[in-house]
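J.: return a 3D structure for these sequence lines:
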Amino acid sequence: MKPEIYLTTDGSKTLYSKEFDEHYHSKNGAFTESQHIFINLGFKTIEKPEVNILEIGYGTGLNAIMTYKSNELNPKKVFYHGIEKSPISSETFKNMGYIEYFDLTSREIKIFSEDWDKPLKISQNFKLLKQNTDFIKFTPQRSYDLIYFDAFSPDTQPEMWTYENLKKILTKLSTDGVFVTYCSRGDLKRNLRTLGMNLKRFSGPPGKRHVIRASKH
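T.: Predicted coordinates:
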C-alpha cells in the first residue's frame with residue numbers, strides 16, 4: 001500500500017503507513033525529530049575523521065540527507081549504509097519537500113531516492129549505499145561507528161527489535177561506536193545492556209519524553 005503524505009507540526013512532511021498504522025517520523029515535527037536524535041545525539045558526537053554509518057529503516061531518506069548536509073559544515077569521510085525493505089517511489093520522494101528545503105541538485109535527488117543496491121559517491125566526502133533488503137535477512141559485512149535504528153515501533157514491528165537482531169548489528173559496532181534510536185522501552189534497554197552497551201537517556205523531541213543513546217566501550 002502506498003504511504004500517505006502527512007504535514008507535521010514543524011512544517012515538514014512525513015509519511016503515514018496504512019499497513020503498519022504508523023507514521024515514519026514524529027507528527028510533532030519530522031525535521032525536528034531527526035535533527036535532535038540522529039544528528040545532534042548521533043552524528044555530531046562522532047569525532048573520528050572517517051565514519052561508517054548504518055541506518056536500519058532508510059524510509060524517506062531524511063536522516064541520510066540531514067547527515068549529508070550536516071557533514072558539509074564540518075567534513076568527515078562518511079560511508080552511509082541504509083537498509084530498507086519497502087523503498088518509497090521517486091514520485092513520493094519528490095513530493096516530500098526535501099528537494100526545495102535542502103536545495104538538492106538533480107544528481108543528489110537521484111542518488112537519495114533511486115539507484116538502489118550500489119554504493120554511490122555524492123561528494124568527495126560522502127558515499128551512500130541504499131540496500132533494498134529485509135533487515136531480518138540482512139547480515140552486516142563491515143564494521144560501523146554509528147547506528148541509526150529507525151524502524152517502525154516495537155508494537156508494530158517487534159521482530160525488528162529482538163535481542164538476536166540487535167546483537168547481529170551491535171557486534172559490528174566499533175569500539176566507542178554509538179547506537180541511537182527514538183525508542184526508550186524497558187525491554188530495549190535491557191537488551192542493550194545485556195549486549196554490553198552503556199546507555200544514556202536524553203530528553204526527547206516534542207511529543208517524546210525520552211530517547212536513548214548507547215555507546216560501546
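
J.: mind checking how far Ile37 is from Val211?
T.: Using C-beta to C-beta, to the nearest Å, Ile37 is found at 5 Å from Val211. C-betas here are computed from N, CA, C, even on glycine.

J.: who's in contact with the nearest residue to Pro140 once chain neighbours are set aside?
T.: Residue nearest to Pro140 in three dimensions, not counting chain neighbours: Lys172, with 4.4 Å by C-beta to C-beta, 6 or more residues apart in numbering. Each residue near Lys172 by C-beta atoms under 8 Å, 6 or more residues apart in numbering is listed here: 54, 140, 142-144.

J.: what is the nearest of these to Thr162?
T.: Pro140 (15.7 Å; C-beta to C-beta).

J.: pLDDT score assigned to the closest one?
T.: Residue-level confidence at Pro140 comes out at 96, pLDDT.

J.: what count of nearby residues applies to Thr162?
T.: 14 (other C-beta atoms under 10 Å).

J.: burial measure for the closest residue to Ser203 other than its chain neighbours, as a count.
T.: With sequence-adjacent residues excluded and distances taken as C-beta to C-beta, 6+ apart, Ser203 is closest to His210, at 6.6 Å. Using other C-beta under 10 Å, His210 has 11 neighbouring residues.

J.: show me where this structure has helices.
T.: Remark: helices assigned in the chain by DSSP state H are 30-34, 62-73, 90-94, 98-101, 106-113, 163-170, 186-194.

J.: quick one on the thing from earlier: tell me which of the contacts of Lys172 is nearest to Arg185?
T.: Among the contacts of Lys172, and counting by C-beta to C-beta, the member closest to Arg185 is Leu54, at 20.8 Å.

J.: mind listing the residues bridging to Val178?
T.: Beta bridges link Val178 to Leu146, Ser215, judged by DSSP bridges.

J.: relative to Leu192, how far out is it?
T.: Look at Val178 and Leu192: by C-beta to C-beta, they are 12 Å apart.

J.: ranking the helices of the chain by burial, who's on top?
T.: Stretch with highest mean neighbour count among the helices of the chain: helix 30-34 (a mean of 25; mean count of other C-beta atoms under 10 Å).

J.: show me what that helix is packed up against.
T.: helix 62-73 (3 or more C-beta pairs under 8 Å, 6 or more residues apart in numbering; DSSP states H and E).

J.: summarise which helices and strands the helix it packs on is packed against.
T.: Applying 3+ C-beta pairs under 8 Å, 6+ apart, we find helix 62-73 packed against helix 30-34, strand 50-56, strand 77-84, helix 106-113, strand 120-123, strand 126-132.

J.: can I get that helix as CSV, trimmed to CA atoms?
T.: What follows is the C-alpha trace of helix 62-73 in CSV, where atoms were taken according to Å, rounded to 0.1, in the frame of the first residue of the first chain:
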residue,chain,number,x,y,z
LEU,A,62,15.5,12.2,5.6
ASN,A,63,18.2,11.0,8.1
ALA,A,64,20.6,10.4,5.2
ILE,A,65,20.0,13.9,3.7
MET,A,66,20.3,15.6,7.1
THR,A,67,23.6,13.7,7.8
TYR,A,68,24.9,14.7,4.4
LYS,A,69,24.0,18.3,4.9
SER,A,70,25.5,18.3,8.4
ASN,A,71,28.7,16.8,7.1
GLU,A,72,29.1,19.7,4.6
LEU,A,73,29.6,22.0,7.6
